[in-house]
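Asker: return atomic coordinates for the entry below.
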Amino acid sequence: MTCHAVARPQDETIATRFRTIAVVGPPNSGKTTLYNRLTGLRQKVGNFPGVTVEHHVGYIRNADGEEVALVDLPGIYSLNPKSEDERVAVQVLQGTMPGMARPDAVIVILNSNNLHTHLVLAGRVIALGLPTLVLLNMADELHKQNGAVDVLALARELKTPVALVSATTGAGLEAVTNFLSAAAPALNPLELPVVGSTRSVREWAVRVGETANYRRPATPVWTKRLDNIFLHRFWGPVIFALVVVAVFQVIFLAGKPLQDFLQKGLDATGVWVGAALPDGMLHSLVINGVWKGVGSVLVFLPQILLLFLFIGVLEDSGYLARAAVIADRTMSRVGLNGKSFIPLLSAYACAVPAIMATRTIENKRDRIATILIAPFMTCSARLPVYTMIIAAFIPARALLGPLLGARAAAMLGLYILGFVMAVVTARLLKSTVLRSKDAPFILEMPPYRWPLPSSLGLRVLDRGKAFLYRAGTVIMLVSVVLWAATSFPLHNGHPPDIQDSLVASVGRAIEPVIRPLGFDWKIGVGLVTSLAAREVIIATLGTLNGIDTSVHQFDLQTALQHELTLPAAVALLVFFAFAMQCMSTLAVVRRETNGWKWPIAQFAYMTVVAYVAAYAAYNITGYLIR
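Answerer: Next up, the predicted model:
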């Protein structure tokens, strides 16, 4: 049986055609890669009604040219709803999800290299009675490592169509088109031995695999050799640290030319737009309010995309799972386990999906502890702030030759600072209010693979679109409001000097509180507006320092060098490393913890830590440079 064939256990009879199909599968089954190959760019992200669980809805055409919606459910191992992800998947498949109809059919994606384990999920899904197509993914790896399975025999056992496919090569995916175009089969639901007994279902899965002559492939030689290195007790953490250093060094080396190129494009476009507008309030609004505010943040898009690209490479290559094992040794010392590592690593991109990812942690106290420390991890929204201040105050000189520069070292130090505070906070929580018993850490290890460029491209594009949407909505709104606050009250029909504007009044009210940190009223305004989103402070400072309508290009870094001393710049970096400064994150914490107790405590704790640490950094740096 080749991987292009689809096996059907029985003839199908006429029923209705499919309109909505749920896609489900366990983690490390290649579900995301396969889903991206099927739907391409024709997908959108949303939340299931009433919950924070994200899902993708993509569209694919059947053989008759009709569109069918594919709903990508969270990656799960079981339909026993122990976590939020599993509960949502069960509700969707059973048709009890509010505001969402039961799907017409299901596509179950399994890893053909781990069939005995993954058949447990397939059996439970098929037993629900929906028309089901089972795709055994990674067929190329199965054959390469001398594995085998009788697809027709497996289809007879499961009483549903089965196909061998490869998301990497695209082989066998015509089975999906055939399934979409065929009439729904007469249902003959699979009966499991004892639905409520996990042990019985596992024994059933092994028996089904043996009947289908399943031969598990040998572990690739390179996987064994690389694991001997990457999972070594000494060399594993060393290599992990080197990988992290290399990522940040490349982000600076490759990101800076791209940033400069984008900056020139934005400046040139701003000059062209400004020349096309008549002088007056409209010109000031568009150039000083919208263009300079949003443009000062958009210029950091290359570094953010590079960060997401590297995270995608680490995940798709299989190294991320090994990093979780390495991290488990550290996590266990502070009362957490390796399951907290994936959400915490996701927090380097954004704390919002990271907090949602904690739903896979069964222990409630461990989950809350992970939620509370996730915002300490340096998210991509902090990256523009760090890049701007570091570039303004730290010279671009080498520390370890071409391997590590001063700016990359400073950036890495801030990431380490956030991680250390997260560890300290976790230890404090797990030894006091969130004390609990240690839970075993179990993680499926995928083989090493070459990341698929198309999958990486879709992921980077998706994150880039999310950043641009944020810049075009939240940041633009804040920029316009800030422009209005700097342009009023009018004096003889003209905007006031910045010192006499409404925003200056707000800033001066804040200034006594932040003066001990070396901040002036402009930084105070930036700290307030950045509560909407951390990177908004750049748009704020860009607007406050670019009021002259005759100026279309303004070097914000030069302005900062005049407004901040080196100790104050260090204090600002430390403050942003620890402060919450993100209302979206607070809203998600409230939803995930079902109340305001934890988010209020989290915001207060992080603000106090940020202020105290920034005060210490300001005074220590000032003492050192005397």
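Asker: make it CA atoms for all contacts and neighbour counts henceforth
Answerer: Will do.
Asker: count of residues packed around the nearest residue to W291 once chain neighbours are set aside?
Answerer: Nearest residue to W291 in three dimensions, chain neighbours excluded: G270, at 6.8 Å (Cα to Cα, 6 or more residues apart in numbering). Using other Cα atoms under 10 Å, G270 is surrounded by 20 other residues.
Asker: please apply the same query to the one 4 residues further on.
Answerer: By other Cα under 10 Å, the residues close to G274 number 21.
Asker: same check, this time on A324
Answerer: 21.
Asker: that one touches L336, doesn't it?
Answerer: No - contact criterion Cα atoms under 8 Å: A324 and L336 do not qualify, at 12.0 Å.
Asker: next SSE downstream of the lengthiest helix in the chain?
Answerer: Secondary structure of the chain per DSSP state H: the longest helix is helix 235-276. Downstream of helix 235-276, the first helix or strand assigned by DSSP states H and E is helix 281-284.
Asker: got a list of what the nearest residue to G405 once chain neighbours are set aside touches?
Answerer: When the adjacent residues along the chain are set aside, G405 lies closest to A398, with 4.2 Å between them (Cα to Cα, 6+ apart). Neighbouring residues of A398 by Cα atoms under 8 Å, 6 or more residues apart in numbering: 404-406.
Asker: next one: G170
Answerer: R37.
Asker: please confirm that it is located within a strand.
Answerer: No - G170 is assigned coil when assessed by DSSP: H, G, I helix; E, B strand; the rest coil, not a strand.
Asker: per-residue pLDDT of it, please?
Answerer: pLDDT, G170: 87.
Asker: separation between it and G25?
Answerer: Distance, G170 to G25, using Cα to Cα, to the nearest Å: 18 Å.
Asker: my read: the residue nearest to W291 touches V290, true?
Answerer: No - using Cα under 8 Å, G270 is not in contact with V290, being 10.3 Å away.
Asker: what about V250, how many residues nearby?
Answerer: Counted with other Cα under 10 Å, residues neighbouring V250 total 18.
Asker: and it, how far from A408?
Answerer: Note on V250: its distance to A408, by Cα to Cα, is 9 Å.
Asker: can you check V299 too?
Answerer: Look at V299 and A408: by Cα to Cα, they are 18 Å apart.
Asker: V528 now?
Answerer: 28 Å.
Asker: cool, and A212?
Answerer: 54 Å.
Asker: quick one, which of those two is more surrounded?
Answerer: Neighbour tally, A212 and A408, criterion other Cα under 10 Å: the higher count belongs to A408, 27 against 19.
Asker: which stretch of helix or strand covers the more buried one?
Answerer: helix 406-430.
Asker: pull out the buried positions in that helix.
Answerer: For helix 406-430, burial by neighbour count (16 or more other Cα atoms under 10 Å) applies to 406-409, 411-412, 414-415, 417-419, 421-423, 425-430.
Asker: can you check stretch 319-333 too?
Answerer: So, applying 16+ other Cα under 10 Å, buried residues of stretch 319-333: 319-328, 330-332.
Asker: out of the contacts of A398, the closest to D72 would be?
Answerer: Ranked by distance to D72 (Cα to Cα), those are led by L404 at 41.0 Å.
Asker: pLDDT on stretch 432-446, on average?
Answerer: What stretch 432-446 shows for mean pLDDT is 71.
Asker: where does the stretch 51-200 of the chain dip in pLDDT?
Answerer: 51-55, 82-84, 183-189, 193-197 (pLDDT under 70).
Asker: could you redo the last one with a cut-off of 50?
Answerer: In the predicted model of the stretch 51-200 of the chain, residues 51-52 satisfy pLDDT under 50.
Asker: pLDDT below threshold where in the stretch 351-500 of the chain?
Answerer: Short version for the stretch 351-500 of the chain, where the test is pLDDT under 50: none.
Asker: chain center to the helix or strand containing E157, what's the gap?
Answerer: E157 is part of helix 151-158, with elements assigned from DSSP H and E. Counting by Cα atoms, centre = their mean, to the nearest Å, helix 151-158 is centred 37 Å from the centre of its parent chain.
Asker: which strands and helices lie in contact with whichever helix or strand comes after it?
Answerer: Downstream of helix 151-158, the first helix or strand assigned by DSSP H and E is strand 162-164. Where contact means 3 or more Cα pairs under 8 Å, 6 or more residues apart in numbering; DSSP states H and E, strand 162-164 is packed against strand 6-7, strand 132-137, helix 151-158.
Asker: rewinding a little: would you mind measuring from the residue nearest to W291 to S487?
Answerer: For G270, the distance to S487 equals 20 Å [Cα to Cα].
Asker: likewise for V68?
Answerer: 52 Å.
Asker: ok, for L517, nearest residue in space, not its chain neighbours?
Answerer: Among residues not flanking L517 along the chain, Y615 sits closest, at 5.2 Å (Cα to Cα, 6+ apart).
Asker: next, the contact list for the one you found, please.
Answerer: Counting by Cα under 8 Å, 6+ apart, Y615 has contacts 516-517, 571.
Asker: Q263 now?
Answerer: So Q263 contacts V299 (Cα under 8 Å, 6+ apart).
Asker: out of V68 and S487, which sits in the busier spot?
Answerer: S487 (24 against 18).
Asker: tell me the spacing between the more buried one and P495.
Answerer: From S487 to P495 the distance is 5 Å (Cα to Cα).
Asker: what's the answer for A466, then?
Answerer: Distance of A466 to P495, computed by Cα to Cα: 34 Å.
Asker: between these two, tell me which one has more neighbours.
Answerer: Set side by side, A466 and P495 show more neighbours around P495, with 19 against 12, by other Cα under 10 Å.
Asker: that one and D462, how far apart?
Answerer: As for P495, its distance to D462 is 40 Å (criterion: Cα to Cα).
Asker: try T558
Answerer: Noted for T558: a distance of 33 Å to D462, by Cα to Cα.
Asker: which one's more surrounded, these two?
Answerer: D462 (18 against 12).
Asker: so what's the more buried one up against?
Answerer: Contacts of D462 by Cα under 8 Å, 6+ apart: none found.
Asker: hmm, back to that, in CSV, list the contacts of A398 along with distance to A246.
Answerer: What follows is those, written out as CSV (distance: Cα to Cα, whole Å):
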residue, distance to A246
L404, 8
G405, 11
A406, 13
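Asker: closest one of those to L282?
Answerer: Proximity of the contacts of A398 to L282 (Cα to Cα) peaks at A406, which lies at 42.6 Å.
Asker: just the buried residues of stretch 319-333 now: which is nearest L586?
Answerer: For the buried residues of stretch 319-333, the nearest to L586 is M331 (24.1 Å; Cα to Cα).
Asker: can you report phi and psi for the closest one?
Answerer: As for M331, its main-chain torsions (degrees, to the nearest 10) stand at phi -60, psi -40.
Asker: G58 now?
Answerer: phi -120, psi 170.
Asker: tell me how many other residues crowd it.
Answerer: Number of residues near G58 (other Cα under 10 Å) recorded here: 21.
Asker: partners of it in the sheet?
Answerer: Q43, L70 (DSSP bridges).
Asker: roughly how far apart are it and A504?
Answerer: With Cα to Cα as the criterion, G58 and A504 are 48 Å apart.
Asker: what of W521?
Answerer: As judged by Cα to Cα, W521 and A504 stand 7 Å apart.
Asker: and if you look at L158?
Answerer: Per Cα to Cα, L158 is found 70 Å from A504.
Asker: R102 and A89 touch, don't they?
Answerer: No - R102 is not in contact with A89 according to Cα under 8 Å; the separation is 11.1 Å.
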